[in-house]
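Peer 1: Have a look at this prediction, sequence included:
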Amino acid sequence: MIFIGAFLVNNILLMRFIALCSFFGVSTSMDTSVGMSAAVVFVTMLATWVCWVLWHGVLLPLGLEFLRTAVFILVIAGLVQFVEMFLKKYVRGLYSAMGIYLPLITTNCAILAVTFLNVDYGYNLLQATIYALGVGGGYSLAIILFAAIRERLEDSPISPAFRGYPIAFVGASLISLAFLGFANLFGISA
């Protein structure tokens, strides 16, 4: 239920409207969307594990809960630097295609939200892992679906006034409405 809730019912992009900057910025092609999805899933999983251990092993026992935001952002920034160095060295095409959006994963609200929500929901490490996998999978599903739609829209006869972001916002709102149909799936509330 945790996975389905994070993957469909409370999709981080289409139902919670978090991380929309990368959603609109990177979803112009399928290749960059798949690459961004893989990077977000990888960083989300690692950030979840590291932040969960830091929260339960250091911050809570020492009474340093107030440092949660700073510590979690530092962890995510370090992981993003690792991914950026890896892509720059081994996958240069994807690194160039992602451009400014790759370092922006550092400030990707979805990853930070997952680490916060794991703490707020009181998940153990297994539940946190399942939740992070659901959020990452939901992010991937939404951005890849949207990239496919945007690629088709490029060849569609659309008024020049609606080309680009105006039709992208219309498309995103329609996908979001479609995901609203998953509300109360298996009794999971939105």
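Peer 2: Done, it's in.
Peer 1: Tell me the gap between the helix ranked longest in the chain and the middle of its chain.
Peer 2: If each helix of the chain is counted by residues according to DSSP state H, the longest one is helix 125-154. Centre-to-centre, helix 125-154 and its host chain are 7 Å apart (CA atoms, centre = their mean, to the nearest Å).
Peer 1: Please identify the buried residues of it?
Peer 2: Of the residues in helix 125-154, those scored as buried under the neighbour-count criterion (16 or more other CB atoms under 10 Å) are 128-147, 149-150, 153. Quick note: C-beta positions are derived from backbone N, CA and C, even for glycine.
Peer 1: Toward the C-terminus from that helix, list the very next helix or strand.
Peer 2: From helix 125-154 onward toward the C-terminus, using DSSP states H and E, the following helix or strand is helix 165-180.
Peer 1: what is the mean pLDDT for that next one?
Peer 2: For helix 165-180, mean pLDDT is 87.
Peer 1: Which residues does the helix or strand of the chain with the lowest mean pLDDT contact?
Peer 2: When each helix and strand of the chain is scored by mean pLDDT, DSSP states H and E, helix 92-98 comes last, with a mean of 75. Residues outside helix 92-98 that contact it (CB atoms under 8 Å, 6 or more residues apart in numbering): V26, S29, D31, T32, G35, M36, A39, E84, L87, K88, L102.
Peer 1: For those residues, which single residue is the most surrounded?
Peer 2: M36 (28 neighbours; other CB atoms under 10 Å).
Peer 1: where's that residue relative to F3, distance?
Peer 2: 21 Å (CB to CB, to the nearest Å).
Peer 1: Kindly report the same for V83.
Peer 2: Computed as CB to CB, the V83 to F3 distance reads 23 Å.
Peer 1: Could you do N124 as well?
Peer 2: Counting by CB to CB, the separation of N124 from F3 is 15 Å.
Peer 1: Looking at the two, which is more packed in?
Peer 2: The neighbour comparison of N124 against F3 (other CB under 10 Å) goes to F3, with 17 against 10.
Peer 1: That one is in contact with L133, isn't it?
Peer 2: Yes. Here F3 lies in contact with L133, judged by CB atoms under 8 Å, at a distance of 6.4 Å.
Peer 1: CA atoms only for the least confident helix or strand of the chain, dumped as CSV, please.
Peer 2: What follows is helix 92-98, C-alpha atoms only, in CSV (Å, rounded to 0.1, in the frame of the first residue of the first chain):
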residue,chain,number,x,y,z
ARG,A,92,28.5,12.7,-21.7
GLY,A,93,25.5,12.9,-24.1
LEU,A,94,23.0,12.6,-21.2
TYR,A,95,25.1,15.0,-19.1
SER,A,96,24.9,17.6,-21.9
ALA,A,97,21.2,17.0,-22.5
MET,A,98,20.3,17.4,-18.9
